[in-house]
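In: Give me coordinates for this.
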Amino acid sequence: MYLSRIELNRSGPGVTSLLKSLAVDDYRHHQFVWRLFEGVDERDFLYRREDAGHWPRYYTVSEREPQDDDGLWTIDIKPYTPRIEKGMRLAFSLRANPVVTRKNGDGRRQRHDVVMDHKKRIGFKDMPPRERPSLQAIIRDAGLAWLRPRAERHGFSFEEGLITVDGYEQHKSSKRRGTKTISFSTLDFGGLLTVTDEQAFREALFSGIGPAKGLGCGLLMVRRV
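Out: As a prediction, the model looks like this:
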């Protein structure tokens, strides 16, 4: 596996038009990262976008090294062989697409944004204004409820007092103008975790957590503390 930091070559050809293209929506970022990993039918990488000002920056974990045939990017590539041990405490950062699946009126299963779902389930709309919880409290409650079972499944635990949940954002993209809109939401989790299962945790580092991985979600980034 490889861990890469990918930044736009600011003196490269067509930088202005590329920035303009990337500003359209999240799907454009998805397309540009895909170009660095062409040659397979199924995605074999995860990525996360962390802009530096208006300059895009991506972190990727991949089975193959990214290849920039257009000379558009500056890419720092390192082998990714994390040494993971049970009981290890790590700082982590995760941008995820937290959803719950519920049956709709005609019995079909449908994914729902956990924040909007939580508001609906507590009857937020019908509450007297002074009794309504803050949006940040709703985001935190919904986010932690989503993360708890996944942490157990992916081989780690956490103390809720050491976790931040913020950055709630709703995204709308489309593959091409006039095509169906892709809607998804994201939350940013951060804090300290403890590894409880080395194998499951290593798999989470390589394969990610949650859905929408092709749109920059799910990459679990960690560092020693």
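In: residue farthest from the centroid of this structure?
Out: Relative to the centre of the chain, the most outlying C-alpha is that of residue 128, 34.3 Å out, by C-alpha atoms, centre = their mean.
In: Who are the packing partners of the worst-scoring helix or strand of the chain on mean pLDDT?
Out: Counting by mean pLDDT, DSSP states H and E, the weakest-scoring helix or strand in the chain turns out to be helix 15-22, with a mean of 83. With contacts taken as 3 or more C-beta pairs under 8 Å, 6 or more residues apart in numbering; DSSP states H and E, helix 15-22 sits against strand 2-8, helix 26-35. C-betas here are computed from N, CA, C, even on glycine.
In: Now do it against helix 26-35: the angle between them, please.
Out: Interaxial angle, helix 15-22 versus helix 26-35 (axes from the mean of the first three to the mean of the last three C-alpha atoms, to 10 degrees): 120 degrees.
In: Have a look at the chain and report its longest helix.
Out: helix 135-153 (DSSP state H).
In: after that helix comes which helix or strand?
Out: Later in the chain than helix 135-153, the nearest helix or strand by DSSP states H and E is strand 156-157.
In: neighbours around residue 22, how many?
Out: Number of residues near residue 22 (other C-beta atoms under 10 Å) recorded here: 19.
In: Now do the buried residues in the longest strand seen in the chain.
Out: Across the chain, the longest stretch assigned as strand under DSSP state E is strand 181-195. For strand 181-195, a neighbour-count test (16 or more other C-beta atoms under 10 Å) marks 182, 184-191, 193-195 as buried.
In: Which segments of the protein make up each domain?
Out: As given by the TED database, the domain ranges for the chain are 2-79, 88-224.
In: which of those domains has the lowest average pLDDT?
Out: Mean pLDDT values for the domains of the chain show the minimum at domain 2-79, a mean of 90.
In: Need the distance between the two termini of that one.
Out: For domain 2-79, the first-to-last residue distance is 4 Å (C-alpha to C-alpha, to the nearest Å).
In: Check stretch 155-169 too.
Out: 27 Å.
In: So what touches it?
Out: 95, 115, 135-136, 139-140, 143-144, 147, 151, 185-204 (C-beta atoms under 8 Å, 6 or more residues apart in numbering).
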